[in-house]
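> Okay, here's the prediction I keep looking at, along with the sequence it came from:
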Number of protein chains: 2
Amino acid sequence: MSIREWRFSKRALAMKSSIIRETLKITQKPGVISFGGGLPAPELFPSEQLAEACKKVLMENSEQALQYGTTEGYKPLRDAIAERMGKIGVPCTAEQIMITGGSQQGLSVLGSAFLDEGDYVVSARPTYLGAIQAFNAYFPKYATLPSDDDGMTVDGLEEIVAEKSPKMIYLVPTFQNPDGRTIPVPRRKRILEIASKYHVPVIEDDPYSEVVFEGEVPQHMISISPDDVIMLGTFSKLLAPGLRTAWLIAPNTDCYDRCVRMKQGTDLHTNTFAQHVIYEFMKTGALDEHVAKINKVYAHRRNVMVESMRRHFPEGVSFTEPNGGLFLWVTLPEKINTLELIPKAVEKLVAYIPGTAFFPDGSGTNTLRLNFSKANDEEIEIGIERLGKLFQETLDA
Amino acid sequence: MSIREWRFSKRALAMKSSIIRETLKITQKPGVISFGGGLPAPELFPSEQLAEACKKVLMENSEQALQYGTTEGYKPLRDAIAERMGKIGVPCTAEQIMITGGSQQGLSVLGSAFLDEGDYVVSARPTYLGAIQAFNAYFPKYATLPSDDDGMTVDGLEEIVAEKSPKMIYLVPTFQNPDGRTIPVPRRKRILEIASKYHVPVIEDDPYSEVVFEGEVPQHMISISPDDVIMLGTFSKLLAPGLRTAWLIAPNTDCYDRCVRMKQGTDLHTNTFAQHVIYEFMKTGALDEHVAKINKVYAHRRNVMVESMRRHFPEGVSFTEPNGGLFLWVTLPEKINTLELIPKAVEKLVAYIPGTAFFPDGSGTNTLRLNFSKANDEEIEIGIERLGKLFQETLDA
């Protein structure tokens, strides 16, 4: 077989495989305890109830559930999502909700709908890497603001917005992936004032606000200022990522219709069967029960991890202790490069994601992300002990 | 609620809703017999066998089937597809196969991987509208060649390729949507010679080659010249479109890896659960049985439609009689504009898709597409009679 000299697009030539993907490949080795992926605990998946929902859908409504559907998504599911959003303080209607193939597709659709080459996106550093990857297909530039314990800082935000005329402000304001940080209401309001004044949409990427262990979740940005926010929600963390079913909430018909048309060209519509199954599953009340269950388990695992880190991590290593989500964020002394440390971590049979993956500007080399939802107590204890030794040895070297 | 003056991308501002979509909206009226959509017969969906497959997957393998998966797709399914492709004369391996969210996503990924603004795509006129819609997100130009009874003609193809340096040649070579035409082997070879000489990939979009009623299907283009073709296959017509599961076959690792990275940014991966369910369904041999069943029914419906057209259509109206696929193509006298005729068709309670929707250059105003897979015998007979009257009245007017 000879390889033809096909001419790929500029986009294809520029697109690199992500650090996360490469790290996950290297760390897939027998015996490695991985805190790398952002995976829900698979032993908690409600498989029996989902099997019942599948049976019901296929016996009662297969002609619709297996057929082509609308790009907007299955209307009863959109109604159910709207009702559920209302209960968590986000009033909206099915007409604002478009079903997407995971939030990743929502991000890709928004990139497509807003970004031309050279347009600016404002985001925190660090921020969710998948968003950067989705947006990069459209060659934007990034204007990033550093994070403190309260998430993205806002000093200088107005100046950046005034100067760069960004097309969007991208945020994961609650229990952000990767750092678990949450932006408090006053700071949310300040961001929204600026978004409103300069007519820039805020993308509120919200996979984690219902994955909460204690304390109050701040009011959603879309509730504070409904006209200025496009929100993304997903069943990936609440139910099962393999079902690839999520939603986008658009504040007005113009924005909604444009998003629908952008999605239509990319896959016509999201898996109809999965939409019907999730709808049946929700109808029985099983989703709320399931969310309560995972939150209990994840809270426990976060506690185990935090306590283990207190015992095993050397002085000079700090970490966040989020009230929800799936991730902890570790900051090491400046001299440690967590990307370069990966091979040694794998030698010690433990894995994480180097924090620099989440900085659009390539900084954050002394940080890393740990997932606490997937490993069990024993794995967490052993894995954190291995990490602690690795850090100590590196500091001593 | 006030609408903010958000600045959308050039892409979003250019993207219009498709004629098909608009036609389907107008024609969704009680009593209308629609030959518009490209829908499989929903009463034939193998719901019981799929329910069994769902149960098996969820009871035995839910931890994997509901979890995040790889962008490439579920390996056992890719193996099963490779084996099946081998049986229909397309030797390939799982390493060449990427699972996509319907062939529409395959088209979108290929657009993303190959097309920069202003690049040329060569295609037939008419051709599949969804491909045009997927590609248009990247602002290509089209160089089209007219079709005769053997599909896209090749007179002038080499000159076009030499002059325009197209990034791809897009074809549905077997039972093409919309016209049901098939390109014979000698013409396939001529196209492939040119593709090979000028290093231009041929996209062989192949949803219909197994939906065959009689006669031999010509050798697949990818089998004739494996290095020059990227092939798209799908379960949408063979099993159920609602499962949104299809595949792309890339001839070499470079092309494959680029397609995987393009897809990754748009949705991470395709629904894992659907992939597992289809794999279980295939393992039992149920897919081959199901394909045999739909082919028998669709062949009958095509016969009913063709016989009905012979009785009811006035002189001067011609149509194709394809040996497979889902569609017939009707050509009317030049003076009839099928798009303008839609309101009158709806008055007469019958619907079709205006042929001009499938011409990238806006021609084909006297043509239309009819689907024969979805309506039953009685509906076909009545619907075609209504159409015949409409044509006669229009010609008499």
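Ah, there it is.
> what mean pLDDT would you report for the longest strand seen in chain A?
What stands out as the longest strand in chain A, according to DSSP state E, is strand A:141-148. Within the predicted structure, the mean pLDDT of strand A:141-148 is 96.
> neighbouring contacts of the helix or strand just after it?
Next along the chain after strand A:141-148, taking DSSP states H and E as the criterion, comes strand A:151-152. If you take C-beta atoms under 8 Å, 6 or more residues apart in numbering or on different chains as the criterion, strand A:151-152 is touched by A:123-124, A:127, A:145-146, A:171, A:173, A:176, A:181-183, A:187, A:191. For glycine as for every other residue, the C-beta is placed from the backbone atoms N, C-alpha and C.
> swap the cut-off to 10 Å and go again
The list of residues contacting strand A:151-152 from outside it, by C-beta atoms under 10 Å, 6 or more residues apart in numbering or on different chains, reads A:122-127, A:144-146, A:169-176, A:179-184, A:187-188, A:191.
> returning to that earlier point: establish whether the longest strand of chain A and chain B are in contact.
No. With C-beta under 10 Å from any C-beta of the partner chain as the measure, strand A:141-148 is seen stopping short of chain B, the closest distance being 14.4 Å.
> how about that strand: buried residues?
A:142-145, A:147 (16 or more other C-beta atoms under 10 Å in any protein chain shown).
> which one of those residues sits closest to residue A:84?
residue A:147 (29.4 Å; C-beta to C-beta).
> Write down the beta-bridge partners of the closest one, one by one.
With DSSP bridges as the criterion, the beta-bridge partners of residue A:147 are residue A:152.
> Is it correct that residue A:73 is in contact with residue A:264?
No. Here residue A:73 lies out of contact with residue A:264, judged by C-beta atoms under 10 Å, at a distance of 11.8 Å.
> Quick one, grab the pLDDT at residue A:24.
Residue A:24 carries a pLDDT value of 77.
> and what of residue A:236?
We note a pLDDT of 97 for residue A:236 in this prediction.
> Measure how buried it is and give me the count.
The local packing count at residue A:236 equals 22, with neighbours defined by other C-beta atoms under 10 Å in any protein chain shown.
> I figured residue A:216 hits residue A:323, correct?
Yes. With contact defined as C-beta under 10 Å, residue A:216 and residue A:323 form a contacting pair (9.0 Å).
> Those two: which is more packed in?
Using other C-beta under 10 Å, the more surrounded residue of residue A:216 and residue A:323 is residue A:323, with 17 against 8.
> quick one: contacts for the more buried one?
Residues A:174-175, A:180, A:182, A:211-217, A:299, A:302 are the ones in contact with residue A:323 under the rule C-beta under 10 Å, 6+ apart.
> Could you find the closest non-adjacent residue to it?
Leaving out its chain neighbours, the residue that sits closest to residue A:323 by C-beta to C-beta, 6 or more residues apart in numbering or on different chains is residue A:215, at 4.8 Å.
> Tell me the buried residues in the helix or strand where residue A:282 lies?
Secondary structure here is read from DSSP H and E; on that basis residue A:282 sits in helix A:272-283. For helix A:272-283, the neighbour count (16+ other C-beta under 10 Å) marks A:272-282 as buried.
> The next helix or strand after it: how far from the chain's middle?
Moving toward the C-terminus from helix A:272-283, the first helix or strand encountered (DSSP H and E) is helix A:286-312. Averaging C-alpha positions (C-alpha atoms, centre = their mean, to the nearest Å) puts helix A:286-312 18 Å from its chain's average.
> between helix A:286-312 and helix A:272-283, what angle do the directions make?
Going by axes from the mean of the first three to the mean of the last three C-alpha atoms, to 10 degrees, helix A:286-312 is angled at 90 degrees with respect to helix A:272-283.
> tell me the average confidence for helix A:286-312?
Over the span of helix A:286-312, the pLDDT mean works out to 98.
> Ok, stretch A:205-224 next?
Model confidence over stretch A:205-224 averages 97 on the pLDDT scale.
> Just the terminal-to-terminal distance for it.
The first residue of stretch A:205-224 is 15 Å away from its last residue (C-alpha to C-alpha, to the nearest Å).
> Would you mark the buried spots in that stretch?
Using 16+ other C-beta under 10 Å as the test for burial, stretch A:205-224 gives A:205-213, A:217-218, A:220-224.
> Can you give me the neighbour number for residue A:345?
Other residues near residue A:345 number 26, with proximity taken as other C-beta under 10 Å.
> Can you tell me the number of residues neighbouring the residue nearest to residue A:252 when sequence neighbours are not counted?
Spatially, and ignoring its direct neighbours in sequence, residue A:252 is nearest to residue B:3 (4.7 Å; C-beta to C-beta, 6+ apart). Around residue B:3 sit 12 other residues, with neighbours defined as other C-beta under 10 Å.
> now swap in residue A:5 and tell me
Each residue near residue A:5 was counted by other C-beta under 10 Å, and the total is 7.
> residue ranges for the helices of chain A, please.
Listed in chain order, the helices of chain A (DSSP state H) span residues A:10-14, A:19-27, A:47-65, A:75-87, A:102-114, A:129-136, A:157-164, A:185-197, A:221-224, A:253-267, A:272-283, A:286-312, A:342-347, A:377-396.
> The fifth one vs helix A:129-136, what angle?
Calculated by the same axes, to 10 degrees, helix A:102-114 forms an angle of 30 degrees with helix A:129-136.
> Is any residue of helix A:102-114 near chain B?
Yes. Residues of helix A:102-114 are located near chain B by C-beta under 10 Å from any C-beta, namely A:102-114.
> Looking at neighbours, which among those residues is most surrounded?
Compared across those, residue A:110 has the highest neighbour count, 32 neighbours, by other C-beta under 10 Å.
> Pretty sure residue A:112 sits against residue A:260.
No. Under the criterion of C-beta under 10 Å, residue A:112 makes no contact with residue A:260, lying 11.7 Å away.
> Find the residues that touch each one of those two.
Each of residue B:15 lies in contact with both residue A:112 and residue A:260 under the rule C-beta under 10 Å, 6+ apart.
> before we move on, back to that, pLDDT score for the residue nearest to residue A:252?
Turning to residue B:3, the model gives it a pLDDT of 76.
> So it sits against residue A:253, correct?
Yes. Under the criterion of C-beta under 10 Å, residue B:3 lies in contact with residue A:253, with a separation of 8.3 Å.
> thinking again about what came up before, okay, the residue nearest to residue A:323 and residue A:190: tell me how far apart.
From residue A:215 over to residue A:190 the distance is 21 Å, taken as C-beta to C-beta, to the nearest Å.
> do residue A:79 as well
34 Å.
> Within range of chain B, give me the residues from the stretch 251-397 of chain A.
A:251-255, A:257-262, A:264-277, A:374.
> Need the buried ones from those selected in ChimeraX.
Entered in ChimeraX, the line below selects the buried ones among these, by 16+ other C-beta under 10 Å:
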select /A:251,252,255,257,258,259,260,261,262,264,265,266,267,268,269,270,271,272,273,274,275,276,277,374
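> quick one: low-confidence parts of chain A?
For chain A, residues meeting the criterion pLDDT under 70 lie at A:1-2.
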